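Visitor: Provided below for reference: sequence and predicted model.
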Amino acid sequence: MGNRRTFEGIVISDRMDKTITVELKRLIPHPLYKKVVKRRSRVKAHDSENKAKVGDIVKVIESRLFSKTKSWELVEILKRAVGSE
């Protein structure tokens, strides 16, 4: 299957069934000025058991297409949000 990318991010939406929206943040150097700038991406990830809740820090892995926009899969929940069980 090759090397699949893994990222850590924060769950920003869990309203869909078996799907979460995860915000991935990263720091990259600007190509010309070399200042470190923030970049963010929002990806849809497959959560088959609906375990993740808004605010959780999760690990996602690149996967096959589950739908038109969902191509990531939840690996584990690293840290629960305050107030969720």
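Guide: It's in.
Visitor: please name the nearest non-neighbouring residue to G55.
Guide: Closest residue to G55 apart from its sequence neighbours, by CB to CB, 6 or more residues apart in numbering: A81 at 2.8 Å. Bear in mind the C-beta positions are built from the backbone N, C-alpha and C, glycine included.
Visitor: ok now do the residue nearest the centre of the chain, which residues does it touch?
Guide: Per CA atoms, centre = their mean, the C-alpha nearest to the average position across the chain is that of V22, at 3.5 Å. Residues in contact with V22, defined by CB atoms under 8 Å, 6 or more residues apart in numbering, are F7, G9, I10, V11, I12, R42, V43, K44, A45, V58, V60, W72.
Visitor: one step back: go ahead and confirm the residue nearest to G55 touches V58.
Guide: No - in terms of CB atoms under 8 Å, A81 does not count as a neighbour of V58; the distance is 10.4 Å.
Visitor: more crowded one of the two?
Guide: V58 (22 against 15; other CB atoms under 10 Å).
Visitor: returning to that earlier point: how far away is the residue nearest to the centre of the chain from R64?
Guide: To R64, V22 is 17 Å away according to CB to CB, to the nearest Å.
Visitor: also T19?
Guide: According to CB to CB, T19 and R64 sit 15 Å apart.
Visitor: these two: which has the busier surroundings?
Guide: Neighbours per residue (other CB under 10 Å) separate T19 from R64, with T19 holding more: 21 against 9.
Visitor: can you pull the pLDDT of that one?
Guide: pLDDT, T19: 98.
Visitor: kindly report the same for the one 5 residues further on.
Guide: With respect to pLDDT, L24 scores 97.
Visitor: can you tell me the closest non-neighbouring residue to it?
Guide: That would be G9: by CB to CB, 6+ apart, it lies 4.2 Å from L24.
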